[in-house]
Every structure is written in structure tokens, then in C-alpha cells.
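> Predicted model and sequence below, questions to follow.
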Amino acid sequence: MNGTAWKTGVAALALMALTAGAVARLKYHQRLGEPGVRWIPTGEGLRGRVELPERVGEYVSTNVEPAALEWEVLPKDTSLARRLYRAPDGFEVLLGVVLMGTDRTSIHKPEYCLTSQGWQIVARTTTSLSLDRPHPYTLPVRQFTTRRLGQLPDGRPTRWSGVYLFWFVADGRLTASHWGRVGWLAWDLIRRGVMPRWAYVSAFVVCPPGQEERAAARAREFLRAAVPEFQKTAGPSPARTP
């Protein structure tokens, strides 16, 4: 292991230990933060309904019910929502939100979700979206390019590509970094006595190999219209020049 990797590993372990210690120490003295997404309680404790829009511009959607196994393995106070959006030309975007309650294990590293479904991550980058509602601001977004072997209806093997965009949002917090989210969680617990209710927002597009850039551009265009419809937290307005 080289020096950089060793230092990164030590820093990650220290951050995990700090967060775990903060959670244990403040468990009975913390105040629960507000969600950064639109959420309605359903009378089942902190498990409620994340309000994703039914339509986004020309896109119409269908609800995608979580599998029974997902509900079984997630903490009981987790809220989970997914909708599949389809444009008139057939282009599809799967939009999902996982919202934690008091249990931080509701959200894990995005890599786990993808690799467990057979996707291989071949490229990673951090980008941003320029949004204009409720005011102009920049939303940080992490983008993965993925590959997967599949099968056509007639049984022939085929290859698929995917573009996966995601970020994390809480009340007054936005980050595209998993470790950034963990760090903010520890900070808010220690300095403010607040357990932030982080949400993990993702958008996934499947496309033929070679169409990744086009698919990513359309997914970002879709998100610029969709995000203001369900996300309450916005970044700061850009500084105005005199």
C-alpha cells in the first residue's frame, strides 16, 4: 500500500470512528433534523412518502415499488421512492430517493447498489448542475459510467452501458461525496446536537455502448427540471459582482 492510499484509509477510519462516537454519545440528546426533500409522514413513525412528481415536462412516469427484500433489510424508519420517467421518444430515467430517519445505515456507498446488480463501474467523475429554482445555484453531482452483460429477448448476449448520477441532501446541506456526507453528519451531531435526515438521490439511464455522453446530457437536462419539484434544499446564490 502506497503512502497516499494508507493516509486515505486512516482518514476514512478516523472519520467513521468519530461519527460512530458522536452517534453513541448524542443518541439520547439529539434533535432530529428536517428532510431536504419533500416528504409526508404516513402515520408509521418516520417512514413516510417522498413526493416525486408524476410528470416532468414531457416526461410521464410510473411508480416503481421497492422489492419486499429492500424493506426487510433497510432500517424501519427509512423512506424509499422510485419513479421511471419516459419521454415521448422512449428515453427513460429511473429517479430514486432514499431518506433516512434516525438510523444512518439507511444510506450506504452507491457503489454497493450498482455492483450488487451486476454493473461494473468503468469511469467516475464529479460534475454539477446549474439550477434556476428557487434561485440560481449549482448542485454538485457525482457521475458513474457503467457496463453490464445482458441478454436479448431471443437469448443472444449483449452489452449495455449505464449512466448513474447521484448526490446527498439534508436540511441546508448538499454534497456529491459519500465521505463529505459522513463528515457533515458528525459535525452536525457534535456541534449542533442535530441528527440530519440525509437523502440519497440518484438517477440512472441505460443506453447502448457509445451513447453514454448523449445519455448523460439528457439525464442532466431532465434533472434540471425535476429537482426543484421534490428537493427543498438549494445551494447558495452566486455572489453578485458590484
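Ah, there it is. On a predicted model such as this, the values are computed, not experimentally measured, just so you know. Numbering: from 1, shown residues only.
> contacting residues around residue 215?
For residue 215, the contacting residues are 161, 163, 205, 207, by Cβ atoms under 8 Å, 6 or more residues apart in numbering. Quick note: C-beta positions are derived from backbone N, CA and C, even for glycine.
> Buried among the residues you listed? Need that as a selection in ChimeraX.
Filtering these down to the buried ones (16 or more other Cβ atoms under 10 Å) takes a single ChimeraX command:
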select :161,163,205,207
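> so of the contacts of residue 215, which ones are in strands?
Among those, DSSP state E puts 161, 163, 205, 207 in strands.
> Tell me the spacing between residue 125 and residue 140.
Distance of residue 125 to residue 140, given as Cβ to Cβ, to the nearest Å: 12 Å.
> So which of these two has more stuff around it?
residue 140 (16 against 10; other Cβ atoms under 10 Å).
> Next up, identify which helix or strand the more buried one is on.
Using DSSP states H and E, the element containing residue 140 is strand 137-151.
> Low-confidence regions, this structure specifically.
1-29, 239-242 (pLDDT under 70).
> now the strands: where do they sit in it?
Along the chain, the segments classed as strands by DSSP E run 31-32, 39-44, 47-50, 55-56, 59-63, 79-86, 92-99, 120-131, 137-151, 157-170, 173-175, 194-195, 199-207.
> Dump these into CSV; add distance to residue 224 as well.
Below are these laid out as CSV (distance: least, Cβ to Cβ, whole Å):
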stretch, distance to residue 224
strand 31-32, 31
strand 39-44, 22
strand 47-50, 19
strand 55-56, 10
strand 59-63, 12
strand 79-86, 13
strand 92-99, 12
strand 120-131, 6
strand 137-151, 9
strand 157-170, 12
strand 173-175, 15
strand 194-195, 30
strand 199-207, 11
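> Contacts only, for residue 150.
157-160.
> May I ask which of these has the most neighbours?
residue 160 (15 neighbours).
> how close does that one get to residue 146?
With distances taken as Cβ to Cβ, residue 160 is found 9 Å from residue 146.
> List of residues touching stretch 166-175?
By Cβ under 8 Å, 6+ apart, the surrounding residues in contact with stretch 166-175 are 33-37, 107, 110, 139-142, 176-178, 180-181, 184, 188, 196-203, 231-233, 235.
> Please apply the same query to stretch 78-94.
39, 46-52, 54, 56, 58-66, 70-71, 74, 95-101, 103, 106, 203-206, 218-219, 222, 226.
> now do 7 Å
Counting by Cβ atoms under 7 Å, 6 or more residues apart in numbering, stretch 78-94 makes contact with 39, 47-50, 52, 56, 58-64, 66, 70, 74, 95-101, 106, 203-205, 218-219, 222, all of which sit outside it.
> Just give the number of residues close to residue 97.
Counted with other Cβ under 10 Å, residue 97 comes out at 23.
> need the contact list for it.
37, 50, 52, 81, 199, 201 are the contacts of residue 97 under Cβ under 7 Å, 6+ apart.
> Mind doing that once more with 10 Å?
35, 37-39, 50-52, 79-83, 169, 199-202, 230-231 (Cβ atoms under 10 Å, 6 or more residues apart in numbering).
> For it, give the beta-bridge partners.
For residue 97, the beta-bridge partners under DSSP bridges are residue 81, residue 201.
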